[in-house]
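1. attaching a predicted model along with its sequence, questions to come.
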Amino acid sequence: MNEDVLVRFLSVGLIDVGGDDTKLEKLQATAIDLAAVLKKTPSKAAAYALIAFDPQAPVDDPVVQETLEALRKRWATYVNTFSGTPIAVVRAILLDALTRAAAEDERIGVAFVNSARNALPFMETGDEQEVWVDVVIAIEKRVDVRAEAEWATPSSITVQAMPFDVPELQAPQIKTARANREHLKKELRAAAGPQYHDPQQGNVATSGNPHWAHNAPQSWVAEFGDRTSVAVADMIDAVVSKTTMEQADLSAPFHALATNVTEYVGAALNAMSGATIGLQRRTNLLWWKEALFSSSARVSYRALTPTAAAAQMAFDLHQQVPTFSPASVSAFLFEAVLVLPSVDQERTFAIHDLVSEAQSHESLVALRSSGSDLITPPIGRGPVMALIAHPDFLNARAESEFQRLTGIPADAQVTLPEWATWIFREMQAARAAIDGVKTARRSRKA
């Protein structure tokens, strides 16, 4: 929705600033301030929304007072413009702030849309209806785009080729020894005869072959052959034994190859997992719907009362799906509850009675425990789940306080499929707000 929410409220006559643009600018500045509060504290989204929805919002509600205080900082004399507490102005400012914050943080959008889908049918919006419809649809479309993308299953999966640079290997380093020529000369002289002539020393004994070739040729040949072969073989062995070859160090290239392969396979598996996660979710949901078994309560839904089963199914579905889930998931839950043979699609129940049962039913312990982790106790306006999650908190069980704390008439009637989707939406909204708080904290630390 491109048009400013406050301007639209002005255009349908819901708020009046006497045609003074400076006053409108003060309202817009207040909305921007509260949008910043929402981005820092997304857990306030549901409370802001439930006051923004309700033309009969109580003046003493903490959110109303917070909004008036923010307005006072921007416009100290606003009380001179409006008679009494300007609830319509407060609601318009809150809706504008929610719209701005949801445009920047889709988690706030989840909290807003889920709260709207539950509460708005019970609010007398009158001339505001067109504004609300446009706002809710615009935010829901943006949220659903992300949810559908996270649940999508592509027709094909593309995995890039593994990057790898072939290393340049060094040639082996060979170190060779040199033959001891003097030693070989001495051994060959010894093989040739009993002595040799040195110009300086004269005849020198070799201590080798005792025969001369011309005296005993046969004996000399045998002696010469034996001694020569030994001398040459020893020299070859000596050179070979001192020859070394250093192999190239292949540890680094093989380590790089192993690392690349590991990373590539991991990326391919992640791509496969990411591409099929939507299909896996849908498969799991179909299995759950057919089995009609509660993994948290460890019991068949058929074994529970229809009212308890509807609440339990809402909780179990919430546990199975992520924060961003398509709107069709709520419709899936609606149909799943209708599968229970004991559920009458047309029968309605007072919402206060359903809350009272959920506050104490022994099978819904996990629902209450999880809710208490996600939702704060009911002080001002808040979700119905706040009463269920904190049944012993002040006024949580009081029928007279039900509408003040939730904005919903205690005798408002819903069917069991509607009750299940109500709980599911509120838990999804609460988790989205908690996720938003964590994201905001990480952003501030970064």
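-> That came through fine.
2. which SS state does the residue lying farthest from the centre of the chain fall under?
-> Largest separation from the mean C-alpha position in the chain: Asn215, at 101.9 Å (C-alpha atoms, centre = their mean). Applying DSSP: H, G, I helix; E, B strand; the rest coil to Asn215 yields a three-state assignment of coil.
3. and what of Val414?
-> Per three-state DSSP, the local secondary structure of Val414 is strand.
4. tell me what it is bridged to.
-> Note on Val414: beta-bridge partners Phe349, judged by DSSP bridges.
5. my guess is it contacts His352. True?
-> No - using C-beta atoms under 8 Å, Val414 is not in contact with His352; the gap is 10.7 Å. C-beta here means a position set from N, CA and C on the backbone, and glycine is covered the same way.
6. circling back: look at the residue farthest from the centre of the chain and report its pLDDT.
-> The model reports Asn215 with a pLDDT of 83.
7. for Thr276, same thing?
-> For Thr276, the model assigns a pLDDT of 68.
8. how about Leu71: what's its closest non-neighbour residue?
-> Thr30 (4.7 Å; C-beta to C-beta, 6 or more residues apart in numbering).
9. show me what contacts the one you found?
-> Contact analysis of Thr30 by C-beta atoms under 8 Å, 6 or more residues apart in numbering lists 67, 70-71, 73-75, 93.
10. if you set the cut-off to 6 Å instead, what comes out?
-> By C-beta atoms under 6 Å, 6 or more residues apart in numbering, the contact set of Thr30 is 70-71, 74, 93.
11. repeat that for Leu387.
-> Residues near Leu387 by C-beta under 6 Å, 6+ apart: 355, 378, 396.
12. likewise Thr421?
-> 330, 333-334.
13. still on that earlier bit, so which of the contacts of Leu387 comes closest to Ala430?
-> Set against Ala430, the nearest of the contacts of Leu387 by C-beta to C-beta is Pro378 (12.9 Å).
14. how many other residues sit next to the closest one?
-> 25 (other C-beta atoms under 10 Å).
15. can you check Val240 too?
-> Other residues close to Val240 by other C-beta under 10 Å number 10.
16. now the residue farthest from the centre of the chain: how far from Gly193?
-> As judged by C-beta to C-beta, to the nearest Å, Asn215 and Gly193 stand 10 Å apart.
17. if I pick Ile408, what's in contact with it?
-> Phe122.
18. related to what we said a few turns ago, overlap in contacts, Asn215 and Gly193.
-> Joint contacts of Asn215 and Gly193 (C-beta under 6 Å, 6+ apart) do not exist.
19. ok, the contacts of Thr30 vs Glu187, which is closest?
-> Among these, Ala70 lies closest to Glu187 (C-beta to C-beta), at 108.6 Å.
20. where does the protein dip in pLDDT?
-> Applying pLDDT under 70 to the chain picks out residues 1-3, 125, 154-157, 159, 164, 166-167, 169, 248, 268-276, 436-446.
21. tell me, what residue is most central in it?
-> In the chain, the centroid-proximal residue (C-alpha atoms, centre = their mean) is Pro322; its distance is 9.0 Å.
22. three-state assignment of that one?
-> Put simply, Pro322 is coil when judged by three-state DSSP.
23. name the nearest residue to it, sequence neighbours excluded.
-> Per C-beta to C-beta, 6+ apart, closest to Pro322 is Glu150, 6.8 Å.
24. for Glu246, see how far away that neighbour is.
-> Counting by C-beta to C-beta, the gap from Glu150 to Glu246 is 56 Å.
25. more neighbours: the two, which one.
-> Between Glu150 and Glu246, Glu150 has the larger neighbour count (other C-beta under 10 Å), namely 16 against 10.
26. give the buried residues for the one helix or strand that one maps to.
-> Assigned by DSSP states H and E, Glu150 belongs to helix 129-151. Applying a neighbour-count criterion of 16 or more other C-beta atoms under 10 Å, the buried positions in helix 129-151 are 131-132, 135-136, 138-140, 143-144, 147, 150-151.
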